[in-house]
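J.: I'd like to go over a predicted model; first the sequence, then the structure.
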Amino acid sequence: MSIAVEFRAVSRHFGPASAPVRAVDAVDLTIAEGAFFAMLGPSGSGKTTCLRLISGFESPTAGEICIFGENVSNTPPHLRNVNTVFQDYALFPHMNVRDNVAYGLMVKGMPRSQRYAKAEEMLALVHLDAYGSRKPAQLSGGQRQRVALARALVNEPRVLLLDEPLGALDLKLREAMQDELKSLQQRLGITFVFVTHDQHEALSMADSLAVFNEGKIAQIGTPAEIYNHPKSRFVADFVGSSNVLPPALTKQLGGPEKWASLRPESLRLDATGPLRGTVTAIRYLGAGHRITLTTHGTDIAAILPAGHPLPETGSTIALGFDATALHIMDQA
Ligand code: ATP
């Protein structure tokens, strides 16, 4: 499989060289053709800057960016065969939906009948065939988001960049759009690069993801690799609600004296279990309960499935787990 996007030691620093803001710092990255790739990380970690480096709206201070093997570090955005869908959709309010979608083709000089036919095709793809004559203000948030998608897809980009495209939607719509985006990507086979700070969104949608921290990639891998084998405390903390155990506690549990992660769902009530402590909180989750246990000054969360007998807050209990659930991390 060929490589859609490659970063070779790419940096983007802002401000004076004496005290630069290292928005992106010596990042190496490859994104396979046809992948649904997510960039995940806290606010300010450099995700959007990476996306802008791919689109060409930002230039690297150092390093090289290749798209399908071609060095595009100095290529302007409109010659890169990539398109961006922005969080605020950036639709033209005075144009109807059809003209919004056909806009890119008009700029390229395609005759009206042809570009309208293409726009209708794209609107059908995002299930908005009947909405061509409406103005963006006459649409719901989810519909606007789909117009923005159609407007990007009409240019037949080889790489589609999506910058928190679902951020403005309510939970229900967000989940529906996640399914739609995923199935659209699979049908079209276009490489999607998706920026989000939502762990669940990245884990459930991506084939592969990079976790960013302070301008660097903390870890890159499949969702299962990242979730089950976080390399560092930062990744374990940020991706999903894992328990992070300090070295002394890991040692008490029979592991080496290193930081470790232990997923709440891998813990169970077990009178002979090694994690003894006081229950400090119990929270109802719908599909089960999340209990918090304090042991040796560390809070440990456990998820107990619905129907499981619950301990009382303030009581002393013991939790057990399979030895394979304790994941030792290389780095603090
Ligand atoms: P968010 O999730 O909040 O959008 P992000 O991970 O996308 O965050 P970036 O927008 O890439 O983060 O910003 C990375 C860092 O670079 C931040 O500290 C930001 O303040 C800084 N930065 C971004 N653009 C500029 C700029 N034009 N001038 C100076 N600093 C900038």
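T.: In hand now; what should we look at?

J.: pLDDT weak spots in the stretch 151-300 of the chain?
T.: Along the stretch 151-300 of the chain, no part satisfies pLDDT under 70.

J.: Need the residues that contact the helix or strand containing Gln145.
T.: Assigned by DSSP states H and E, Gln145 belongs to helix 141-153. Identification of contacts with helix 141-153 by C-beta atoms under 8 Å, 6 or more residues apart in numbering yields 83-86, 89-91, 97, 100-101, 103-104, 119, 122-123, 125-128, 131, 136, 139, 160, 165-166, 168-170, 173, 176-177, 180-181, 184, 188, 190. To be clear about C-beta, it is placed using only N, CA and C from the backbone, and glycine gets the same treatment.

J.: Show me which positions of that helix end up buried.
T.: Buried residues in helix 141-153, defined by neighbour count with 16 or more other C-beta atoms under 10 Å: Gly142, Gln143, Arg144, Gln145, Arg146, Val147, Ala148, Leu149, Ala150, Arg151, Ala152, Leu153.

J.: What parts of the stretch 151-300 of the chain come near the ligand?
T.: His197 (C-beta under 6 Å from any ligand atom).

J.: Give the full set of residues in contact with the one residue in the stretch 151-300 of the chain that gets nearest to the ligand.
T.: Taking C-beta to the nearest ligand atom, the ligand has its nearest neighbour within the stretch 151-300 of the chain at His197, 5.0 Å off. By C-beta under 8 Å, 6+ apart, the contact set of His197 is Leu40, Gly41, Pro42, Ser43, Lys47, Glu164.

J.: 7 Å - rerun?
T.: Shown in contact with His197 (C-beta atoms under 7 Å, 6 or more residues apart in numbering): Leu40, Gly41, Pro42, Ser43.

J.: what about the third one, distance to Phe7?
T.: When you say that, I think you mean Pro42. 20 Å (C-beta to C-beta, to the nearest Å).

J.: Please identify which of these two sits among more neighbours.
T.: Each of Pro42 and Phe7 has its neighbours counted (other C-beta atoms under 10 Å); Phe7 has more, 23 against 13.

J.: so which strand or helix has the residue nearest to the more buried one when sequence neighbours are not counted?
T.: For Phe7, ignoring the flanking residues on the chain, the nearest one in space by C-beta to C-beta, 6 or more residues apart in numbering is Leu29 at 4.0 Å. Assigned by DSSP H and E, Leu29 falls within strand 21-32.

J.: Partner strands of that strand and their direction?
T.: strand 3-14 (antiparallel) (DSSP bridges).

J.: what are the C-alpha coordinates of the strand it pairs with, in CSV please?
T.: These are the backbone C-alpha positions of strand 3-14, laid out as CSV (Å, rounded to 0.1, in the frame of the first residue of the first chain):
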residue,chain,number,x,y,z
ILE,A,3,1.9,6.2,1.6
ALA,A,4,-0.5,9.2,1.3
VAL,A,5,1.2,11.6,3.7
GLU,A,6,4.7,11.6,5.1
PHE,A,7,6.4,14.0,7.6
ARG,A,8,10.1,13.8,7.8
ALA,A,9,11.4,15.6,10.9
VAL,A,10,8.8,18.4,10.4
SER,A,11,8.8,21.4,12.7
ARG,A,12,6.7,24.5,12.8
HIS,A,13,7.9,27.0,15.3
PHE,A,14,6.3,30.4,15.9
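
J.: can you tell if that strand touches the ligand?
T.: Yes. Using C-beta under 6 Å from any ligand atom, strand 3-14 comes into contact with the ligand via Phe14.

J.: and that strand, average pLDDT?
T.: Per-region confidence: strand 3-14 scores 96 on mean pLDDT.

J.: Report the distance from it to the chain centre.
T.: Averaged C-alpha coordinates place strand 3-14 at 18 Å from its chain's average position (C-alpha atoms, centre = their mean, to the nearest Å).
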